[in-house]
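Student: Next come a sequence and a model predicted from it.
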Amino acid sequence: MLEKFNPHLIQTIEGAREALVHLLNLVEEMKQENLMLRETIQNLRDENNRLKGEQGKPKIKASKKSGDHSSEKERKAGQNPRKRHKRKRLSEVKIDREEYLDVEKERLPSDAKFQGYDRVLVQDLRLETDNVLFHQARYYSAQAGKNYTASLPPGYVGQFGPRLRSLVISLYYAANMSEPKIIEFLKQLGVNISKGKISSLLTKETTLWQKEADDVKKAGLNSSIWQNMDDTHTRVNGVNGYCHILCNPFYTAYATRPKKDRLSVIAVLQNRDEAVFLFNPKTKDWLEQFETPQWARREVATWPQEKLLSQKEVSVLLAGALSERLNDQQQARIYEAGALTAYYAQDEYAVIPILVSDDAPQFHHLTAKQALCWVHEGRHYKKLEPQIAYHREILDSFLAEFWGYYHELQAYKVDPDEAKALELQEKFRVIFSQTTDYEQLNQRLAKTLAHEEKLLVVLAHPEVPLHNNPAELGARQRVRKRDVSFGPRTDDGRIAWDTFMTLAETASKLGVSFYEYVLDRTATKYAMPSLAETIFARQLIQEPALP
């Protein structure tokens with residue numbers, strides 16, 4: 001920064017002002033660097049003391065939450081507060097039985113006249129066992145040479161009935177209880193069940209449910225022109241991985257994978273464990289977009305065409321001259337070009353037209369349009385921590401302007417208009433091309449301006465949300481589950497977590513009782529429509545079908 005400073009240029013008031021602004025930004029930079037160095041030095045001292053067997057500086061939590069970059073207060077400032085109404089319980093609560101109560105005759109005076117009944121609704125539960133000792137008739141046929149035994153009623157498999165099995169699944173995946181607490185709860189009710197059986201119910205018996213979850217993903221991807229997507233850390237048997245969350249207002253789907261790179265995301269969009277690859281003339285367009293060297297494009301064009309390949313098969317093709325002359329990043333682009341070609345060529349799962357996400361690199365190039373989250377963009381500005389009061393004033397003033405513009409976009413979504421869209425586009429350019437006296441803010445403004453197309457998708461598609469909160473809320477559910485149960489310990493457990501959390505969160509969004517849904521399937525009644533069918537019915541009412 002000092003290279004730009006020349007005191008000989010200070011000839012006028014304006015020149016003096018520019019020099020002062022320059023020096024203030026230099027002081028800002030040095031103060032922030034000083035804070036960072038202090039923190040680094042303290043961490044090194046603590047580590048040095050730890051190695052000596054001593055204790056480092058105690059970590060005392062501040063009385064107020066620090067480092068909070070949430071923008072929920074600003075985001076909701078332009079919305080009308082929701083009016084809270086008491087629920088009409090009589091119309092919402094299922095009545096199982098009715099009783100008529102009379103006043104004791106000895107309490108009534110002689111002239112008392114009957115005026116009718118007051119209605120009082122009391123909700124209660126009956127938690128009791130329903131253990132059944134079945135006596136199965138058995139016949140033997142000498143002619144056939146085998147026994148014939150009466151079948152158990154539908155839904156009764158092994159030693160545990162459908163209600164108990166459904167309750168265990170609901171407590172674990174919807175109520176977020178741990179296995180030990182479920183066992184303790186059932187024990188209090190008089191149920192004798194082992195840890196191994198609980199684990200089996202939760203992770204082994206999932207074949208039926210995997211098909212249901214797959215149908216939910218298919219229906220969800222077809223239900224709107226946009227999808228929200230995010231990811232969060234998770235572990236499988238102690239090994240770090242990532243849980244990918246894909247959702248819209250009708251469903252939430254979970255997919256745990258070892259990585260969160262673009263290949264993993266492409267695989268998730270096709271409901272696969274690993275990406276598959278296809279090479280054809282369209283691959284050339286992707287390689288050109290990724291700026292792959294022309295000689296490498298010509299080499300890729302000689303590979304097997306119109307044939308699905310595994311990652312192992314592609315790695316064999318890459319071996320040799322390509323791997324020697326291309327760096328890791330360039331080789332990754334070739335993998336991604338083949339995976340994207342395969343994704344757009346398949347028709348089993350709908351190709352997403354618009355993806356709402358943050359600006360993480362793995363989400364780039366996946367869809368025709370990418371809509372960036374305004375809340376994430378605002379978070380970048382809240383992370384600026386100016387040390388000089390003048391810079392804080394500039395930042396506060398800008399943040400008010402930022403959220404004021406955001407609320408204008410919210411109003412536009414309710415009542416879109418072509419003229420208003422042009423006005424908002426021009427206003428975006430004015431706001432984010434301005435130059436302030438706070439250099440770090442200017443650098444952030446330039447980055448936002450470069451994202452104009454992705455941040456203003458809403459002007460052409462008012463139905464698309466302005467933020468990625470639905471995916472973040474889905475991720476929060478996984479984090480809470482992870483905090484209670486740490487993580488699955490086997491591959492079966494990973495599949496079960498993804499499957500049942502997909503069904504539980506989707507049922508919640510659709511207003512369907514997850515317990516009743518699981519019981520309906522476990523008891524083999526199938527009286528309730530599938531969640532996929534419910535998504536389709538809701539989508540017809542609320543959203544246009546995908547083109």
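Tutor: Structure received.
Student: longest helix in this structure, by residue count?
Tutor: Taking DSSP state H as the assignment, the helix of the chain that covers the most residues is helix 13-51.
Student: Check which helices and strands that one sits against.
Tutor: In this structure, helix 13-51 makes packing contacts with helix 389-414, helix 439-450, judged by 3 or more C-beta pairs under 8 Å, 6 or more residues apart in numbering; DSSP states H and E. C-betas here are computed from N, CA, C, even on glycine.
Student: can you list the ones you listed in CSV and add distance to residue 363, mean neighbour count and mean pLDDT?
Tutor: Output for these, formatted as CSV (distance: least, C-beta to C-beta, whole Å; neighbours: other C-beta atoms under 10 Å; pLDDT from 0 to 100):
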stretch, distance to residue 363, mean neighbour count, mean pLDDT
helix 389-414, 21, 15, 94
helix 439-450, 16, 16, 95
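Student: Just send these back as a markdown table, with distance to residue 375 too.
Tutor: As requested, these are arranged in a markdown table below (distance: least, C-beta to C-beta, whole Å):
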| stretch | distance to residue 375 |
| --- | --- |
| helix 389-414 | 9 |
| helix 439-450 | 13 |
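Student: so which of those helices comes closest to residue 231?
Tutor: For residue 231, the closest of the helices and strands packed on helix 13-51 is helix 439-450, at 22.0 Å, according to C-beta to C-beta.
Student: Residue 240: neighbour count?
Tutor: Other residues within reach of residue 240 by the criterion other C-beta atoms under 10 Å amount to 11.
Student: beta partners of the closest residue to it other than its chain neighbours?
Tutor: The spatially closest residue to residue 240, leaving aside those adjacent along the chain, is residue 233, at 6.7 Å (C-beta to C-beta, 6 or more residues apart in numbering). According to DSSP bridges, the residues that bridge with residue 233 are residue 242.
Student: for residue 233, what are its contacts?
Tutor: Listed by C-beta atoms under 8 Å, 6 or more residues apart in numbering, the contact set of residue 233 reads 240, 241, 242, 243.
Student: In the residues you listed, which residue is surrounded by the most others?
Tutor: residue 243 (29 neighbours).
Student: Assess the claim that that one and residue 230 are in contact.
Tutor: No. Under the contact definition of C-beta atoms under 8 Å, residue 243 does not touch residue 230, with a separation of 9.4 Å.
Student: who touches both of these two?
Tutor: Taking C-beta under 8 Å, 6+ apart as the contact rule, the neighbours common to residue 243 and residue 230 are residue 475.
Student: in stretch 112-132, what counts as buried?
Tutor: Neighbour-count burial for stretch 112-132 flags no residue at all (criterion: 16 or more other C-beta atoms under 10 Å).
Student: According to the record, where do the domains of the chain fall?
Tutor: Here the domain assignment for the chain is 162-222+494-542, 226-363, 374-460, based on automatic domain parsing.
Student: how about the ones you listed in TSV, adding distance to residue 139?
Tutor: Listed next are the domains of the chain as TSV, based on distance: least, C-beta to C-beta, whole Å:
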stretch	distance to residue 139
domain 162-222+494-542	25
domain 226-363	46
domain 374-460	68
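Student: could you say what helices and strands the helix or strand where residue 288 lies packs with?
Tutor: Following DSSP states H and E, the helix or strand that holds residue 288 is helix 281-289. In this structure, helix 281-289 packs against helix 294-300, helix 328-345, with contacts taken as 3+ C-beta pairs under 8 Å, 6+ apart.
Student: what's the first-to-last distance across stretch 457-473?
Tutor: Taking C-alpha to C-alpha, to the nearest Å, the span from the opening residue of stretch 457-473 to its closing residue is 22 Å.
Student: tell me which residues of it are tucked away?
Tutor: By neighbour count on 16+ other C-beta under 10 Å, the buried set for stretch 457-473 is 457, 458, 459, 464, 465, 466, 467, 468, 469, 470, 471, 472.
Student: Make JSON lines out of these and add secondary structure and distance to residue 367.
Tutor: Below are the buried residues of stretch 457-473 laid out as JSON lines (DSSP: H, G, I helix; E, B strand; the rest coil; distance: C-beta to C-beta, whole Å):
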{"residue": "457", "secondary structure": "helix", "distance to residue 367": "11"}
{"residue": "458", "secondary structure": "helix", "distance to residue 367": "15"}
{"residue": "459", "secondary structure": "helix", "distance to residue 367": "17"}
{"residue": "464", "secondary structure": "coil", "distance to residue 367": "12"}
{"residue": "465", "secondary structure": "coil", "distance to residue 367": "15"}
{"residue": "466", "secondary structure": "coil", "distance to residue 367": "17"}
{"residue": "467", "secondary structure": "coil", "distance to residue 367": "17"}
{"residue": "468", "secondary structure": "coil", "distance to residue 367": "14"}
{"residue": "469", "secondary structure": "helix", "distance to residue 367": "19"}
{"residue": "470", "secondary structure": "helix", "distance to residue 367": "17"}
{"residue": "471", "secondary structure": "helix", "distance to residue 367": "14"}
{"residue": "472", "secondary structure": "helix", "distance to residue 367": "19"}
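Student: Nearest to residue 93 among those residues?
Tutor: Of all those, residue 470 has the smallest distance to residue 93: 28.9 Å, by C-beta to C-beta.
Student: and that closest one, how far is that from residue 369?
Tutor: The gap separating residue 470 from residue 369 is 18 Å, by C-beta to C-beta, to the nearest Å.
Student: same thing with residue 293?
Tutor: Looking at residue 293 against residue 369, where the rule is C-beta to C-beta, the gap reads 28 Å.
Student: I'd like to know which of the helices and strands packed on helix 281-289 is closest to residue 119.
Tutor: Ranking those by their distance to residue 119 (criterion: C-beta to C-beta) puts helix 328-345 first, at 58.0 Å.
Student: contacts for the closest one?
Tutor: 261-263, 266-267, 269-270, 275-280, 282-283, 286-287, 290, 292-293, 296, 300, 308-309, 311, 314, 318, 322-323, 326, 351, 365-366.
Student: So which of these sit within helices?
Tutor: Reading helices off the contacts of helix 328-345 with DSSP H, I get 262-263, 266-267, 269, 282-283, 286-287, 296, 300, 311, 314, 318, 322-323.
Student: Kindly write the ChimeraX command that selects the buried subset of those.
Tutor: For the buried members of the ones in helices among the contacts of helix 328-345, the matching ChimeraX selection, counting by 16+ other C-beta under 10 Å, is:
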select :262,263,266,267,269,283,286,287,296,300,314,318,322
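Student: contacting residues for the most centrally placed residue in the chain?
Tutor: Nearest residue to the geometric centre of the chain (C-alpha atoms, centre = their mean): residue 471, 3.0 Å. In this structure, residue 471 makes contact with 228, 229, 230, 245, 246, 247, 356, 357, judged by C-beta under 8 Å, 6+ apart.
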